[in-house]
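A.B. asks: Here is my input; please provide its structure:
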Amino acid sequence: MSSQPTNLLQGTLDLLILKALSTGELHGLGISRRIEQMTQGTFCVKPGSLFPALHRMEEAGWLSSLWGESENNRRARFYRLTKTGKAQLEVEKEQWAKVAVAMTNALKAT
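C.D. replies: Numbers count the residues shown, from 1 in each chain. Below is the predicted model of the structure:
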């Protein structure tokens, strides 16, 4: 695969954020780094996309947050999955699996 970052498909960001937080709480930069790590550099999430998504997901009840200090002693907001967020992760994974199969089938079609 190319080393160039790829644009996120609509709806993909929520799934990646939920998955990034499935192992524990992270601050915004940590979430962005985790997504880049999980996707082996394919997706690089910019703050202008990440923070509105985090706020929207918190309003939906999928995430909770609290202020703390980052590893470099800077004030940062840490996010974690709620019970509702964990359930939403499963829903998003199922939906993505269907999309992936459909795209694979479409690309194989002659």
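A.B. asks: Pull the contacting residues for the residue most central in space within the chain.
C.D. replies: The residue lying closest to the centre of the chain (C-alpha atoms, centre = their mean) is I17, at 1.8 Å. Applying C-beta atoms under 8 Å, 6 or more residues apart in numbering to I17 gives the contacts 31, 35, 50, 53-54, 57. (C-beta placed from N, C-alpha, C; glycine too.)
A.B. asks: what's the answer for M38, then?
C.D. replies: M38 touches 16, 19-20, counting by C-beta under 8 Å, 6+ apart.
A.B. asks: switch the cut-off to 7 Å
C.D. replies: Contacts of M38 were listed using C-beta atoms under 7 Å, 6 or more residues apart in numbering, and they are 19-20.
A.B. asks: any idea of the pLDDT on it?
C.D. replies: Looking at M38, its pLDDT reads 96.
A.B. asks: Give me the below-cutoff pLDDT ranges for this structure.
C.D. replies: Residue ranges of the chain with pLDDT under 70: 1-10.
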